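J.: model the structure of this input:
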Amino acid sequence: MERRNSETALIPALQVLSYFIIALGAVFMAFKAGSLPASRWEPMSAGTFPQIIFFGVALLCGVAAVVEISKQGFPRTSFNVAWRRLIALKAVIINLALFIIYMMFMPVAGFIVSTFLYLAIAQLYLAPKKPITLLIAIFVAALFSAGPYYLFSEVFNIYLPRAQW
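T.: Predicted coordinates for the structure are as follows:
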């Protein structure tokens with residue numbers, strides 16, 4: 001097994017870390033799927049198939065992590081190198097955090113309000129800082145929050161989450 005410097009060891013370290021994060025997320029979703037309501041007339045509940053899929057994803061990620069570690073050894077990198085590379089992904093991380101907040105806020109605020117706020121904030125963060133940008137961001141946020149809501153409710157008869165207040 002060859003020795004790597006901390007810069008080249010960062011990619012396998014992030015790969016193994018991503019396997020574990022995806023596996024943990026899949027296990028969490030499998031348990032959430034298990035709480036779906038069961039039918040009196042069906043032998044399996046509504047959550048059985050999603051549970052099988054999520055546990056399969058978790059198992060595959062676990063196997064991939066073990067195979068990667070057995071092939072390459074446990075990756076080592078310095079904290080400074082990892083921190084510099086992480087800071088380079090600041091926009092991605094902030095957008096991911098905004099999306100997580102959006103998903104947590106949606107059951108309370110409803111689809112239209114939470115989607116509007118998420119799209120407006122994300123666009124204003126990512127777009128160039130010009131006066132016209134504010135108008136475009138608000139227009140796009142309004143269009144893509146109210147548009148799908150009314151499309152789903154009026155055309156498909158599928159009701160997206162409504163505000164709880």
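J.: mind listing what's buried in the least confident helix or strand in the chain by mean pLDDT?
T.: Comparing helices and strands within the chain by mean pLDDT, DSSP states H and E singles out helix 79-88 as the least confident, with a mean of 77. Across helix 79-88, burial judged by 16 or more other CB atoms under 10 Å covers 81-82. All C-beta spots, glycine's among them, are computed from the backbone N, C-alpha and C.
J.: hang on, isn't Thr77 packed against Leu10?
T.: Yes: using CB atoms under 8 Å, Thr77 is in contact with Leu10, at 4.6 Å.
J.: elements contacting the helix or strand following the least confident helix or strand of the chain?
T.: Sequence order places helix 90-126 as the next helix or strand after helix 79-88, per DSSP states H and E. In terms of contacts (3 or more CB pairs under 8 Å, 6 or more residues apart in numbering; DSSP states H and E), helix 90-126 is packed against helix 131-150.
J.: quick one: distance of the helix it packs on to the chain centre.
T.: Relative to its parent chain, helix 131-150 has a centroid offset of 22 Å by CA atoms, centre = their mean, to the nearest Å.
J.: just the buried positions in that helix, please.
T.: Buried residues in helix 131-150, counted by 16+ other CB under 10 Å: 137, 141, 145, 149.
J.: same deal with stretch 106-118?
T.: For stretch 106-118, by 16+ other CB under 10 Å, it's 106, 109-118.
J.: quick one: which two of the buried residues of helix 131-150 are the most distant?
T.: Checking the buried residues of helix 131-150 against each other with CB to CB, the farthest-apart pair comes out as Ala137 and Tyr149, at 18.5 Å.
J.: show the average pLDDT along stretch 143-154.
T.: Averaging pLDDT along stretch 143-154 yields 92.
J.: per-domain residue ranges of this structure.
T.: Taking automatic domain parsing as the reference, the chain has its domains at 1-88, 90-165.
J.: could you tell me the least trusted of the ones you listed?
T.: Among the domains of the chain, domain 1-88 scores lowest, at a mean of 79.
J.: SS state for Arg162?
T.: Of the three states, Arg162 takes coil according to DSSP: H, G, I helix; E, B strand; the rest coil.
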